[in-house]
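Undergrad: Everything below, folded, please.
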Amino acid sequence: MTEAELKAEKKRLKKEKKRQKKEKKSRKRKDREETDTPIDIDKGTSRPTDEPEPEPKVKRSKKEVVQVSSAPDHTATATDTDTEANKNGKSKFSFPIQHILAPMVGASELPFRLLCRKYGAQLCYTPMMSSAKFSSDHSYRKDEFQTIPEDRPLVCHFSANDPEEFAKAAKLVEDKCDAIDLNLGCPQRTAYVGHFGSYLLEQKDRDLICNIVKKASKEVSKPIFVKIRLLNTIKETIKLCRDLKNAGASLIAIHARYRASFERKGAGARDGAAMLDQIVEVKKALGPDFPIIANGNVITYDDVVNNMEISSADGIMSAEGILDNPALFLPRHGNDRKASIEIAVPAGLPSAKPGADQKKKRKLAKKLREIETIEAKAKTSSHLLTKEQKEKIATKDTIANVIAQMERDESTKNSSSAPNVTNVPLKDLLEIADDKTSMANEYLDLASTYPTTMRTTIFHTRRILKIELGEYQLMEECTASKSIDDIRDVIAKVVKYQNDPASFTFDLAKAKKDKVALAKKKLEEGKRKRYEGRMMRKAKREGRSDLEYYLRQGAAVPTVEEIDMLCSLSYEGQLKAWKANDHSQHCMGYHLEEGGCKRDRACAFLHVDAIGKNTFHETDEVAG
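TA: I've put the predicted structure just below:
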């Protein structure tokens, strides 16, 4: 598309958006004048059947209980089903699809899904899983997929570029989830190299992705969903959605930003505001009975309500907004502090505020850490123990045994196949939602019970407490945490400073150091983009029609056998072989250094797993 055509398209969309707003206002006015509006049971407010859900203004009796359950039969409760029925005339699925936690690599794991469900999310996606690895590697399945009865309704989210592998992966999870989703939206470099995600949206791969959907929809009993990005024109996006629908897709979620290209320039990948007006056109083209989900531009619940109206979508999916606020969707229950809601909370975990057992366990764990600190000091110095310290050490085994028994009791409760459903006062949930430290501690409770990586645990804590950790200069300490107990100690400091502001002293030297470190981090993370820009300009100067030509050089993914062989060579030999085998864009340290690349995301080279016999391997397709 030329620059002139792009400007004309944007101008057309802007006019169309104004026209749609005018039509909506006119329709609302007409509905108020000519029709009686039905009652939205979930909200306790009246609205037209064809209008998106407004900000809730709840009026309930004192004894009324709002039902929002994740029941094991995987059917929506009366309230959620009625909401869908009011919106679409009928419910296409047995579960609600209005308020959705998006799939996020390393972020939509089980503990965070459970937290978001409790605070308003109706449907959750797993992180992206490789269908190739999932379908052939038991260890990968065990590491990447974790769920429990309370974790429903659930969508299993896979990357794929092979119909057989996707269908096989889908069959392995169909009795553990409610839908299977194909990732056609990932913009990451790994997707470019591995030829999946948004890099499968070019016309040359249309038959492939339709065959992936078609085969899975025939072989599994659960519906097949697809998550995509916008193509260059609305006409192309509509054609893509129709093709996917005809292939057997039951729902399409649209991240309303353009399909990524490897250089990630312009309004693609993560740049700019999402173009929700294009979703209106897709929804109109595919008809009212086919579910379309809008993803993008969600920070607050007001955004959820507004985006539903602007996009005409059947549901709203959130990633960034819900990371900062896991209770993003809680306002859908209203603000009646006398109301209660029914939610599924894993046994052994607090339903709202920490229970007596949970508080006892935390106190015991803190005592145990204090004892271990005393013992460590005694071993590393000539520190003489006081009588009180000796008495504390004498209680160590007893405390450890009590904690172990409490954990065994929790494990026994959690092993039940039936979900633990309970009524929780809405007031308690609202109070936790307003207290970020309590929310972070609740996430840590879940992460302790259903272990995830330390990096993920720290990531969520930093996002939930982003403002507080920055205000009290604790972000670095949180990032350096080695255990969940270390993170709890950081949170305890936040609480202390909040309760006693005079106890916090702003460290100017530390602030300057942090500023320098942040500038360095931005510089390092920008290296890859600068490299890509240079390579694009070089190809352009040489008059190449393929501007990504140089980005393909050195993009070959190393094999497991090569990595094993390289381990026996000297560093100089490794470098020579690395370049000779066309891996120069890949990070050698990621594969060969103990513990992987120390630069992590700041590294300008590609971090892609080595390929083996069970991994997608097609040389001419590796670069996408």
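Undergrad: Quick one, grab the pLDDT at the residue most central in space within the chain.
TA: Closest to where the C-alpha atoms of the chain average out (C-alpha atoms, centre = their mean) is M104, at 2.8 Å. At M104, the pLDDT value in this model is 94.
Undergrad: and what of A167?
TA: For A167, the predicted pLDDT is 97.
Undergrad: The residue of the chain most remote from its centre and E372, how far apart?
TA: For the chain, the largest distance from the centre (C-alpha atoms, centre = their mean) belongs to K387, which lies 50.5 Å off. In this view, K387 and E372 are 19 Å apart by C-beta to C-beta, to the nearest Å. Heads up, the C-betas are built off the backbone N, CA and C, glycines and all.
Undergrad: picking that back up, and the residue farthest from the centre of the chain, how far is that from A400?
TA: Per C-beta to C-beta, K387 is found 22 Å from A400.
Undergrad: Then G526?
TA: 48 Å.
Undergrad: now D289
TA: Taking C-beta to C-beta, one finds D289 at 59 Å from A400.
Undergrad: More neighbours: which of those two?
TA: More crowded of D289 and A400, by other C-beta atoms under 10 Å: A400, with 14 against 10.
Undergrad: Assign that one to helix, strand or coil.
TA: State at A400, reduced to three classes by DSSP: H, G, I helix; E, B strand; the rest coil: helix.
Undergrad: so which helix or strand takes in the nearest residue to it once chain neighbours are set aside?
TA: Spatial nearest neighbour of A400, excluding adjacent residues (C-beta to C-beta, 6 or more residues apart in numbering): L368 at 6.4 Å. Here L368, judged by DSSP states H and E, is contained in helix 356-380.
Undergrad: Also L182?
TA: strand 179-184.
Undergrad: quick one: strands adjacent to that strand?
TA: Sheet pairing of strand 179-184 (DSSP bridges) gives strand 154-159 (parallel), strand 224-230 (parallel).
Undergrad: so how many other residues sit close to Q188?
TA: 19.
Undergrad: Begin at 171 from now on, thanks
TA: Will do, 171 is the new start, and the previous item becomes Q358.
Undergrad: OK, contacts around it?
TA: When contacts are counted by C-beta atoms under 8 Å, 6 or more residues apart in numbering, Q358 touches V275, G367.
Undergrad: For L736, see how far away it is.
TA: 25 Å.
Undergrad: Need the nearest residue in space to L293, chain neighbours excluded.
TA: I270 (4.7 Å).
Undergrad: Can you give me the end-to-end span of stretch 730-748?
TA: Taking C-alpha to C-alpha, to the nearest Å as the measure, stretch 730-748 stretches 13 Å from start to finish.
Undergrad: what does that stretch contact?
TA: Identification of contacts with stretch 730-748 by C-beta under 8 Å, 6+ apart yields P728, N751, S754, H756, M758, H761, L762, A780, I781, G782.
Undergrad: Separate out the buried members of those residues.
TA: P728, S754, H756, M758, H761, L762, A780, I781 (16 or more other C-beta atoms under 10 Å).
Undergrad: out of the residues you listed, which one sits closest to A546?
TA: Using C-beta to C-beta, L762 comes nearest to A546 of the buried ones among the contacts of stretch 730-748, at 33.9 Å.
Undergrad: OK, contacts around the closest one?
TA: I733, L736, C737, Q744 are the contacts of L762 under C-beta under 8 Å, 6+ apart.
Undergrad: cool, Q559 as well?
TA: I544.
Undergrad: Please work out the average pLDDT along the helix or strand it falls within.
TA: Assigned by DSSP H and E, Q559 belongs to helix 557-564. Across helix 557-564, pLDDT averages out at 87.
Undergrad: Then stretch 733-752?
TA: 91.
Undergrad: The chain: strands as residue ranges?
TA: Taking DSSP state E to define them, one finds strands in the chain at 209-210, 215-216, 235-237, 269-271, 293-295, 299-300, 324-329, 349-354, 394-400, 421-428, 462-465, 485-488, 510-514, 591-595.
Undergrad: CA atoms of the last one as PDB?
TA: In this case it means strand 591-595. Taking C-alpha atoms only, strand 591-595 is exported to PDB below (Å, rounded to 0.1, in the frame of the first residue of the first chain):
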ATOM      1  CA  VAL A 591     -17.100 -22.800  45.400                       C
ATOM      2  CA  THR A 592     -17.900 -20.200  48.000                       C
ATOM      3  CA  ASN A 593     -19.900 -17.000  48.600                       C
ATOM      4  CA  VAL A 594     -17.700 -14.000  49.200                       C
ATOM      5  CA  PRO A 595     -18.900 -10.500  50.300                       C
END
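Undergrad: If you tally nearby residues, what's the number for I422?
TA: Counted with other C-beta under 10 Å, I422 comes out at 24.
Undergrad: Now do the contacts for it.
TA: Applying C-beta under 8 Å, 6+ apart, the residues near I422 are 395-398, 411, 414-415, 452, 456, 460-463.
Undergrad: The same query, at a cut-off of 10 Å, please.
TA: If you count contacts by C-beta atoms under 10 Å, 6 or more residues apart in numbering, I422 has them with 351-352, 354, 395-398, 410-411, 414-415, 449, 452-453, 456, 460-463.
Undergrad: Equivalent analysis for M299, please.
TA: With contact set as C-beta under 10 Å, 6+ apart, M299 has these partners: 273, 275, 305, 310-311, 313-315, 326-330, 339, 343, 353.
Undergrad: Then Y719?
TA: Residues counted as contacts of Y719 (C-beta under 10 Å, 6+ apart) are M705, M706, K708, A709, E712.
Undergrad: List the residues that contact the residue lying closest to V343 once chain neighbours are set aside.
TA: Leaving aside its chain neighbours, V343 sits nearest to C326 (4.6 Å; criterion: C-beta to C-beta, 6+ apart). The contact partners of C326, taken as C-beta under 10 Å, 6+ apart, are 273, 295-297, 299, 301, 304, 315, 317, 339-340, 342-344, 346-351, 392, 395.
Undergrad: again, but for G766
TA: Per C-beta under 10 Å, 6+ apart, neighbours of G766: C757, G759, Y760, C773, H777.
Undergrad: count of neighbours near the residue nearest to the third one when sequence neighbours are not counted?
TA: Across the structure, with C-beta to C-beta, 6+ apart as the measure, the residue nearest Y760 apart from its sequence neighbours is C767 (4.2 Å). Under the neighbour criterion other C-beta under 10 Å, C767 is assigned a count of 17.
Undergrad: Correct me if wrong: I398 contacts Y428.
TA: No: using C-beta atoms under 10 Å, I398 is not in contact with Y428, being 11.0 Å away.
Undergrad: list residues touching both of those two?
TA: S368, L371, T407.
Undergrad: Closest one to M624 out of the residues you listed, please.
TA: For the shared contacts of I398 and Y428, the nearest to M624 is S368 (29.6 Å; C-beta to C-beta).
Undergrad: burial count for the closest one?
TA: 28.
Undergrad: Also D375?
TA: For D375, the tally of surrounding residues (other C-beta under 10 Å) stands at 18.
Undergrad: So for it, what's the pLDDT?
TA: So D375 comes in at 92 (pLDDT).
Undergrad: ok, now the one 3 residues further on?
TA: If you check L378, the pLDDT there is 95.
Undergrad: Next one: it from A330, what distance?
TA: From L378 to A330 the distance is 10 Å (C-beta to C-beta).
Undergrad: And those two? Which one has more around it.
TA: More crowded of L378 and A330, by other C-beta under 10 Å: A330, with 30 against 15.
Undergrad: Of I398 and Y428, which one has the most company?
TA: Neighbours were counted for I398 and for Y428 using other C-beta under 10 Å; I398 has more, 26 against 22.
Undergrad: tell me the pLDDT at that one?
TA: We have a pLDDT of 95 for I398.
Undergrad: if we can go back for a sec, anything in contact with each of L378 and A330?
TA: Common neighbours of L378 and A330, using C-beta under 10 Å, 6+ apart, are L370.
Undergrad: what about F460, neighbour count?
TA: F460: 19 neighbours (other C-beta under 10 Å).
Undergrad: Distance of the residue nearest to it when sequence neighbours are not counted relative to L555?
TA: Leaving out its chain neighbours, the residue that sits closest to F460 by C-beta to C-beta, 6+ apart is K415, at 6.1 Å. Separation of K415 from L555 (C-beta to C-beta): 72 Å.
Undergrad: I appreciate the help and will end here.
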